[in-house]
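Visitor: Build the 3D model from these lines:
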Amino acid sequence: MSNQERIALFIDGANLYATAKALNFDIDYKRLLREFQSKGRLVRAFYYTALVEDQEYSSIRPLIDWLDYNGYSVVTKPTKEFVDSMGRRKVKGNMDIELAVDAMEMAAHVDQLVLFSGDGDFRSLVEAIQRKGVRVSVVSTITTQPPMIADELRRQADEFIDIVHLISRIGRDPNERAPRLDRRPAASANEE
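Guide: Numbering: from 1, shown residues only. Down below sits the predicted model:
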C-alpha cells in the first residue's frame with residue numbers, strides 16, 4: 001500500500017460491535033482512524049447504524065455524536081418495529097443497502113475500500129467494487145466460534161484482515177475506561 005493510495009472505510013456498526021464484543025475488547029475509534037490514515041490518504045470513513053428513535057436515551061447516541069464530530073461520516077436510520085408470525089415484537093434496522101449504495105458511489109474515488117463486516121450479504125458488493133478496479137479489504141475475525149465472517153465474503157476479498165491482529169493498534173486501553181462508581185452504601189459486617 002503506497003502512502004498516496006486513496007482509502008475509504010465502510011463500517012457496519014452493529015457487526016463491528018458484535019465482533020469486538022465476541023473478542024472482548026473495545027474499539028478506540030480515534031486510533032482506528034489513525035491506523036488507516038497511516039496507510040494512505042483516507043478519503044472517508046463511514047459508520048452505519050440503525051437507531052431506536054422513540055427511546056428517551058440510546059446507549060449508542062454518545063458514540064454516534066462523537067464519531068460525527070471526529071472525522072466519521074455517520075449514516076443512521078430509524079429502526080422499524082414489527083410483530084412476527086409468532087406474535088413476538090421484533091426490531092429491525094438493517095443498513096446493508098445504504099452501505100452498498102455509498103460504496104458503489106465512492107468506488108470511482110478510491111483505490112482501496114476497507115469493509116468492517118463479516119456479513120456474507122456483502123459478497124456481491126465486494127465483487128462489484130472489484131470489477132471497478134478497486135481493491136477490497138475485509139476486516140472481521142475467524143478466531144471466534146463460529147467465525148464472525150462468512151466464508152464467501154472472506155474468499156471474495158482481495159485481503160482479509162483478522163481484527164485480532166489490529167487489537168493492539170485500534171483497541172482501547174482498558175485503563176482508559178472510566179471506573180464505574182458504585183453509589184450504594186457499603187454493608188456493615190453485622191448486616192444481612
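Visitor: What strands line up against the worst-scoring helix or strand of the chain on mean pLDDT, and which way round?
Guide: The helix or strand of the chain with the poorest confidence is strand 89-92; it has a mean of 77 (mean pLDDT, DSSP states H and E). Each strand paired with strand 89-92, and its direction, by DSSP bridges: strand 80-83 (antiparallel).
Visitor: Mind checking the pLDDT average for the strand it pairs with?
Guide: The average pLDDT within strand 80-83 is 82.
Visitor: can you map out the helices along the protein?
Guide: 13-22, 29-37, 61-69, 96-106, 123-131, 151-156, 167-170 (DSSP state H).
Visitor: Nearest to residue 87, out of those helices?
Guide: helix 13-22 (24.9 Å; Cβ to Cβ). C-betas here are computed from N, CA, C, even on glycine.
Visitor: how big is the angle separating the longest strand belonging to the chain from helix 13-22?
Guide: Longest strand in the chain, counting residues (DSSP state E): strand 41-51. Counting by axes from the mean of the first three to the mean of the last three Cα atoms, to 10 degrees, strand 41-51 points 90 degrees away from the direction of helix 13-22.
Visitor: buried sites along strand 41-51?
Guide: Of the residues in strand 41-51, 42, 43, 44, 45, 46, 47, 48, 49, 50 count as buried by neighbour count, 16 or more other Cβ atoms under 10 Å.
Visitor: of all those, which comes closest to residue 108?
Guide: Closest approach between the buried residues of strand 41-51 and residue 108, by Cβ to Cβ: residue 43, at 11.1 Å.
Visitor: So the closest one versus residue 142, what's the distance?
Guide: 28 Å (Cβ to Cβ, to the nearest Å).
Visitor: How about residue 102?
Guide: Residue 102 is 26 Å from residue 142, by Cβ to Cβ.
Visitor: try residue 148
Guide: 8 Å.
Visitor: Please say which of those two ends up with more neighbours.
Guide: For residue 148 and residue 142, the more surrounded residue by other Cβ atoms under 10 Å is residue 148, and the numbers stand at 22 against 16.
Visitor: Stretch 13-26: which residues count as buried?
Guide: In stretch 13-26, counting by 16+ other Cβ under 10 Å, buried: 13, 14, 15, 16, 17, 19, 20, 22, 23, 25, 26.
Visitor: can you list contacts of that stretch?
Guide: With contact meaning Cβ atoms under 8 Å, 6 or more residues apart in numbering, stretch 13-26 is reached by 27, 47-50, 60, 93, 95, 116-119, 140-141, 143-144, 148, 163-164, 167, 171-172, 174, 177.
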